[in-house]
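Asker: Sequence and predicted structure below; questions after.
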Amino acid sequence: MKISLNYIGVILLFLIGLVSCGTKENKQEISSDTSVQESYSNPLDVAFGDPFILNDGEGKYYMYGTGGGAKDGFAAYSSKNLTNWEFEGQVYQGNTEESWASKFFWAPEVYKIEGKYYMFFSAQWKVNPTIEEENFMIGVAESDSPTGPFTEMYDKPVFDPGYPIIDANVYWENGKYYLYYSRACYKHPVESEVADWAKEKGWYDEIEESWVYGVELKPDFSGVIGEPVLCLRPPLKMDDAQAEWESRSVTKQEINRRWTEGSVIFKHEDIYYMMYSSNYYAGENYAVGYATSKSPLGPFTKAANNPVLELNTHKGGQVTGTGHNNIVFMDNGDMYCVYHGRTKESGQERVVFLDKMEIKSDGTLVVHGPTTTPQDMPL
């Protein structure tokens, strides 16, 4: 049989095309393999406020936060490398007949304890006989899986201190559990030199404040033991080293409130570090500081290098509103600060940032952010 050279040429071109296609597919598979990814950039592709990341201890991470597509509840994302996130859907649903919570679902944190998962969160309590505008309380839900569904453990909040509370954070050691929360600013006017100054200028008649408290939790999370202890509050005097950055919501005429909220506590070499956020969460001056103590319930001393995380637009950057952070503890001992912020592109939408943080040899806490340039991948 005689075969023309043209026919052979067609066959050769076809075979070369198959090899070429296979090579392209292999290259695509390699490029999508996150194990060879060398860097990442902020913000991450997650539109959350108040982000919290759980290291599940099995090579996977789960992120929870305010918003993110959830209706009357919370959604979750999962990741194997902290930078590429997959949407897992809604994991907790409130505002049902059985739920104590009706609306304003904020700041979920999930803890893995003896193989089960516990979600602490803030929401508006249905029991509201005086029809308060802010009737926030803290509840707890449980699940056998980090992706839910989470079911409320009790048909009421963990406890009622007599004022609205938000931003739960839980710490445990030596068989004891501690709950930290922020008393809302609502109907909490506080006398201070900053308040007097703002009144003299004719800006505000009063300044409301939120304060961070800590209290021991019952082991079954059904209530608290003892009375809450005041841990952090805004400064009283204007010459206080912390007064300038913690009062910007007032001095920049954003609103007549000073916040101390979004607290998160951890222990490093026998010292307790409590990070917290100040200023208006919806404003550009939202920022993070920290304080230290030798006891989980204080007294706490605020750090000289505060704030450790703030807007960078005055330095030529594009990030504002950096706050309500949490900490990711890596298996190799590294720490990362996860927080929300805003960029010029995101506008008022809060997006998630992840930046390395460390405790220096002298005990100083440093957050290497906010960044928008390429960073080394977490290990």
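Answerer: Alright, I've got the coordinates. Numbering: from 1, shown residues only.

Asker: Quick one: neighbours of residue 254, just the number.
Answerer: Using other CB atoms under 10 Å, residue 254 is surrounded by 16 other residues. No exception for glycine: its C-beta is placed from N, CA and C like everyone else's.

Asker: Then residue 320?
Answerer: 21.

Asker: Shouldn't it be within a strand?
Answerer: Yes. With DSSP: H, G, I helix; E, B strand; the rest coil as the criterion, residue 320 is part of a strand.

Asker: Name the nearest residue to it, sequence neighbours excluded.
Answerer: residue 284 (3.7 Å; CB to CB, 6 or more residues apart in numbering).

Asker: quick one, what contacts the one you found?
Answerer: 311, 313, 320-321, 342 (CB atoms under 8 Å, 6 or more residues apart in numbering).

Asker: from those, which would you call buried?
Answerer: The neighbour-count criterion (16 or more other CB atoms under 10 Å) marks 311, 320-321, 342 among the contacts of residue 284 as buried.

Asker: got the end-to-end distance for stretch 177-195?
Answerer: Criterion CA to CA, to the nearest Å; first-to-last residue distance in stretch 177-195 is 36 Å.

Asker: in it, what counts as buried?
Answerer: 177-186, 188, 190, 192, 194-195.

Asker: Stretch 274-282 now?
Answerer: Quick answer for stretch 274-282 (16+ other CB under 10 Å): 274-281.

Asker: for stretch 37-49, same thing?
Answerer: Buried-residue list, stretch 37-49, by 16+ other CB under 10 Å: 40, 42-44, 46-49.

Asker: Mind jotting down where the strands sit in the stretch 101-250 of the chain?
Answerer: 106-113, 116-124, 136-143, 151-152, 165-173, 176-183, 208-209, 211-217, 224-232 (DSSP state E, counting those that start in this stretch).

Asker: OK, contacts around the residue nearest to residue 190 when sequence neighbours are not counted?
Answerer: Nearest residue to residue 190 in three dimensions, chain neighbours excluded: residue 209, at 4.4 Å (CB to CB, 6+ apart). By CB under 8 Å, 6+ apart, the contact list for residue 209 reads 185, 188-190, 233-234, 257-260.

Asker: Which of the three states applies to the residue nearest to residue 320?
Answerer: coil.

Asker: Got the confidence number for it?
Answerer: Residue-level confidence at residue 284 comes out at 96, pLDDT.

Asker: what bridges to the residue nearest to residue 190?
Answerer: Here residue 209 sits in beta bridges with residue 258, going by DSSP bridges.

Asker: separation between it and residue 329?
Answerer: Counting by CB to CB, to the nearest Å, the gap from residue 209 to residue 329 is 31 Å.

Asker: Residue 214 now?
Answerer: From residue 214 over to residue 329 the distance is 20 Å, taken as CB to CB.

Asker: Who has more neighbours out of those two?
Answerer: Taking neighbours as other CB under 10 Å, residue 214 and residue 329 compare with residue 214 leading, 25 against 12.

Asker: Go ahead and confirm that one touches residue 179.
Answerer: Yes. Using CB atoms under 8 Å, residue 214 makes contact with residue 179 at a distance of 7.1 Å.

Asker: thinking again about what came up before, out of the contacts of residue 209, which one sits closest to residue 120?
Answerer: residue 260 (18.6 Å; CB to CB).

Asker: what separates that closest one from residue 79, distance-wise?
Answerer: Taken as CB to CB, the span from residue 260 to residue 79 is 31 Å.

Asker: Residue 245 now?
Answerer: 32 Å.

Asker: With residue 363 instead?
Answerer: On the measure of CB to CB, residue 363 and residue 79 end up 31 Å apart.

Asker: got it, and residue 98?
Answerer: 32 Å.

Asker: Among the two, which residue is more densely surrounded?
Answerer: Legend: neighbour count by other CB under 10 Å for residue 98 and residue 79, higher for residue 79 (18 against 8).

Asker: OK, contacts around the more buried one?
Answerer: 60-63, 85-86.

Asker: partners of it in the sheet?
Answerer: Applying DSSP bridges, one finds that residue 79 bridges with residue 61.

Asker: related to what we said a few turns ago, out of the strands of the stretch 101-250 of the chain, the one nearest residue 158 is which?
Answerer: strand 136-143 (5.2 Å).

Asker: This structure: helices as residue ranges?
Answerer: Using DSSP state H, the helices of the chain run over 5-31, 193-200, 243-246, 248-251.

Asker: okay, and for this protein, where does confidence drop off?
Answerer: Scanning the chain for pLDDT under 70 picks out 1-36.

Asker: And the closest residue to residue 219 other than its chain neighbours, how far from residue 199?
Answerer: Spatial nearest neighbour of residue 219, chain neighbours left out: residue 177 (6.4 Å); criterion: CB to CB, 6+ apart. Distance check for residue 177 against residue 199: by CB to CB, it reads 41 Å.
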